[in-house]
Every structure is written in C-alpha cells, then in structure tokens.
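Visitor: I would like to see how this sequence folds:
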Amino acid sequence: MSARTHSRPLPATTRGVDIRLPWWALVLPTLAFVVLLALMLNPTDAQAATGDPLIAHFLERARDLVTR
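Guide: Residues are numbered from 1 along each chain as shown. Here you go, the predicted structure:
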C-alpha cells in the first residue's frame with residue numbers, strides 16, 4: 001500500500017507581517033514597572049497587607065512540618 005503524498009505549500013508572500021499591539025499591552029507593563037520602582041525608592045509608603053491570623057498560623061505550621 002503506498003503512502004499518500006502531500007503537495008508543496010504555496011510560497012510565502014514577501015509582504016511584511018502587520019502586527020498591532022493593543023494600547024494596554026504597552027501601558028500596563030509600564031505602569032507596573034513605575035509603581036514597583038516607586039515602592040522600591042520609597043518603601044515607607046508601602047503598607048503591609050493585613051492577613052488573617054488563621055492563615056498565617058496554618059502557613060507557619062506547614063513550614064515547620066516541611067522543614068522537619
């Protein structure tokens with residue numbers, strides 16, 4: 001039984017690829033970088049997140065169990 005042969009694909013066009021990024025694809029990473037840089041330059045403005053003591057206790061116990 002013979003195998004089926006495939007025809008060659010059409011040659012690629014010489015036109016350049018037209019890719020456009022949405023506005024937020026450039027703005028959001030830039031904004032995140034600026035915010036993190038500002039926090040790094042002035043860490044007194046950063047506030048610690050207040051977490052649930054139960055979760056903190058659970059994570060501490062899990063860490064103790066893993067390190068033993």
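Visitor: for the rest of this, base every contact and every neighbour count on C-alpha atoms.
Guide: Fine.
Visitor: in what helix or strand does V35 lie?
Guide: Secondary-structure element containing V35, defined by DSSP states H and E: helix 24-41.
Visitor: quick one: the most centrally placed residue in the chain from L41, how far?
Guide: Central residue of the chain (C-alpha atoms, centre = their mean): P29, 9.8 Å from the mean position. Distance of P29 to L41, computed by C-alpha to C-alpha, to the nearest Å: 18 Å.
Visitor: now V34
Guide: Distance, V34 to L41, using C-alpha to C-alpha: 10 Å.
Visitor: quick one, helices of the chain?
Guide: Here the chain has its helices, by DSSP state H, at 24-41, 53-67.
Visitor: between these, which gets the lowest average pLDDT?
Guide: Mean pLDDT is lowest for helix 53-67 among the helices of the chain, at a mean of 81.
Visitor: which other helices and strands contact that helix?
Guide: In this structure, helix 53-67 packs against no helix or strand, with contacts taken as 3 or more C-alpha pairs under 8 Å, 6 or more residues apart in numbering; DSSP states H and E.
Visitor: give me the distance from that helix to the chain's centre.
Guide: The gap between where helix 53-67 is centred and where its chain is centred comes out at 27 Å by C-alpha atoms, centre = their mean, to the nearest Å.
Visitor: what of stretch 25-44?
Guide: Put simply, stretch 25-44 sits 15 Å off its chain's centre (C-alpha atoms, centre = their mean).
Visitor: got the CA positions of that stretch in CSV?
Guide: What follows is stretch 25-44, C-alpha atoms only, in CSV (Å, rounded to 0.1, in the frame of the first residue of the first chain):
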residue,chain,number,x,y,z
ALA,A,25,-0.1,45.8,26.1
LEU,A,26,2.4,48.6,26.4
VAL,A,27,0.7,50.7,29.1
LEU,A,28,0.1,48.1,31.8
PRO,A,29,3.6,46.7,32.0
THR,A,30,5.0,50.3,32.0
LEU,A,31,2.6,51.3,34.8
ALA,A,32,3.5,48.2,36.8
PHE,A,33,7.2,49.0,36.4
VAL,A,34,6.7,52.6,37.5
VAL,A,35,4.7,51.6,40.6
LEU,A,36,7.2,49.0,41.7
LEU,A,37,10.1,51.4,41.1
ALA,A,38,8.3,54.0,43.2
LEU,A,39,7.8,51.5,46.0
MET,A,40,11.5,50.5,45.8
LEU,A,41,12.6,54.1,46.0
ASN,A,42,10.4,55.0,48.9
PRO,A,43,9.5,51.8,50.9
THR,A,44,7.9,53.8,53.8
